[in-house]
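Trainee: fold the stuff below for me.
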Amino acid sequence: MARIPGYLEQRRAGWEAVVDVPPSLRDAVGRKRLRKGLDTRDKDIAKARLPKALLELHRRIDDARRKRPETDPVMAEAMAWRDTLTAARDGKPTGLPVERFHDPDGTVHETAAVDFAMGLVEDRAERIAREEGASRARAFADIAAGIATPTMLHLDEWLAEPGDRGERRLRTVSDYKGIVKHFADWQASAGHGSSVEAVTRRVAGL
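Mentor: Modelled structure (predicted):
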């Protein structure tokens, strides 16, 4: 059986399972380390309960990762497709196959094969649906197609702009990030997706 990352640590109240959160995921999780009490002072019992507790802690980390496009491989892939399709529609080089069109006067026009790319996105979405469910597949396809914008996508860009009183203080930037992150996490956990477009008047409670 593969070893589950994590360890056992003794505390005053007994023993705890402990997992260090990878640095790249600490912002998404909200802490550097996760703990779970094992409800015993007996080390042998704690060791027996440790694997199950570690799995639970890793699931918590994975759930946090999946809620944040910037730390979720599937959503990162969707964002990459979004950039590629946007470039293709703007006539910029993309690495996609090229379609050629001939005018009656013989002029040849070349454009990236957007329909071909969308077919690849749809195929990928079908695989995601089989592996991770329809809602994940829909989120992938909508973000890739530019229909949905991840809630956190433009946050840093917005916070870099000066406020009414000039450049924002670091404390203000940190507070705003925390508020938006909390809202994005609530969106995902409440089943409202994690995009700006998902924030309807009903979702917002207006």
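
Trainee: show me which strand runs longest in the chain.
Mentor: Using DSSP state E to define each element, the chain has its longest strand at strand 14-20.

Trainee: strand partners (parallel or antiparallel) of that one?
Mentor: strand 7-11 (antiparallel), strand 33-37 (antiparallel) (DSSP bridges).

Trainee: any idea of the mean pLDDT for the last one?
Mentor: Right, the one you point to is strand 33-37. Averaged across strand 33-37, the pLDDT comes to 92.

Trainee: got the buried residues for it?
Mentor: Leu34, Lys36 (16 or more other CB atoms under 10 Å). Using the backbone N, CA and C atoms, a C-beta is placed for each residue, glycine as well.

Trainee: ok, then the element right after it?
Mentor: helix 43-67 (DSSP states H and E).

Trainee: okay, buried residues for that next one please.
Mentor: Using 16+ other CB under 10 Å as the test for burial, helix 43-67 gives Ala46, Arg49, Leu50, Ala53, Leu54, Leu57, Ile61, Ala64, Arg65, Arg66, Lys67.

Trainee: excluding its backbone neighbours, what's nearest the second one?
Mentor: Put plainly, it is Arg49. Leu38 (4.8 Å; CB to CB, 6 or more residues apart in numbering).

Trainee: can you count the residues close to the one you found?
Mentor: Using other CB atoms under 10 Å, Leu38 has 24 neighbouring residues.

Trainee: I'd say it and Ala48 touch.
Mentor: No - if you go by CB atoms under 8 Å, Leu38 and Ala48 don't touch, sitting 9.1 Å apart.

Trainee: which residues are in contact with both of the two?
Mentor: Residues touching both Leu38 and Ala48 (CB atoms under 8 Å, 6 or more residues apart in numbering): there are none.

Trainee: give me the low-pLDDT residue ranges for this protein?
Mentor: Applying pLDDT under 70 to the chain flags residues 1-3, 66-71, 93-103, 105-112, 152-154, 188-194, 205-206.

Trainee: as a check, name the ranges of all helices in it.
Mentor: Taking DSSP state H as the criterion, the chain contains helices spanning 26-29, 43-67, 73-89, 114-132, 134-145, 155-160, 170-189, 201-204.

Trainee: so of those, which one's packed in deepest?
Mentor: Among these, ranked by average contacts under mean count of other CB atoms under 10 Å, first place goes to helix 134-145 (a mean of 20).

Trainee: report all helices and strands that that one contacts.
Mentor: Packing partners of helix 134-145 (3 or more CB pairs under 8 Å, 6 or more residues apart in numbering; DSSP states H and E): helix 73-89, helix 114-132.
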